[in-house]
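Participant: can't give you the sequence, but here's the structure:
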């Protein structure tokens, strides 16, 4: 009597290497994002140490800005105040956000106000990006509102600006009355804009 024997079917593994590669990439991005997010807060075990770290970040950022955009030095010298931020954007597919910290300095009396920054990162994508921001305030009223009440920033007015060979924004249309003027610094260079994405900034009560 004949016996019907079903052959053993071995699942194909052709797609597994591709899946494994994607999984490794996703895991790597997630780990990298976690590492970058940890950089979105000032380092130090005490408030004094954290304030010193924020000042160090601000000084380094300003020195780099001046070397690339020397006109910014005079803008700050003539300003009512300025703020410097370090921000980290992290995104894994549809989930993403930005966190950061910084300091605002009143040019009239030298008073320092420590700040926090956060925002949403809409759209699909994966990766992390570190951005440093310098906001220069022309008027005392705009600066005072910024440091006392915080501020919500709207859509980037410089999204369509062309880039030159050095990754610097050229042809940015900034109205002379714009307050504040904002420089954003990334690995691509420095750009000049009127606003910075969809962000929220507020005084850091823990450090002030």
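Facilitator: Cool, the structure landed. Since this is a predicted model, take the numbers as computed values, not measurements.
Participant: following the lowest-mean-pLDDT helix or strand in the chain, which helix or strand comes up?
Facilitator: None of the helices or strands of the chain scores lower by mean pLDDT, DSSP states H and E than strand 169-170, at a mean of 35. For strand 169-170, the following helix or strand on the C-terminal side (DSSP states H and E) is strand 181-186.
Participant: I'd like to know which elements that following strand is packed against.
Facilitator: Identification of packing neighbours for strand 181-186 by 3 or more Cβ pairs under 8 Å, 6 or more residues apart in numbering; DSSP states H and E yields helix 47-68, strand 125-137, strand 189-193. Bear in mind the C-beta positions are built from the backbone N, C-alpha and C, glycine included.
Participant: can you do 10 Å?
Facilitator: Using 3 or more Cβ pairs under 10 Å, 6 or more residues apart in numbering; DSSP states H and E as the contact definition, the elements that strand 181-186 packs against are helix 47-68, helix 71-77, strand 81-93, strand 125-137, strand 189-193.
Participant: Of these, which stretch is the most buried?
Facilitator: Comparing the helices and strands packed on strand 181-186 by mean neighbour count (mean count of other Cβ atoms under 10 Å), strand 81-93 comes out on top with a mean of 22.
Participant: So what's the model's average confidence on that one?
Facilitator: Mean pLDDT, strand 81-93: 80.
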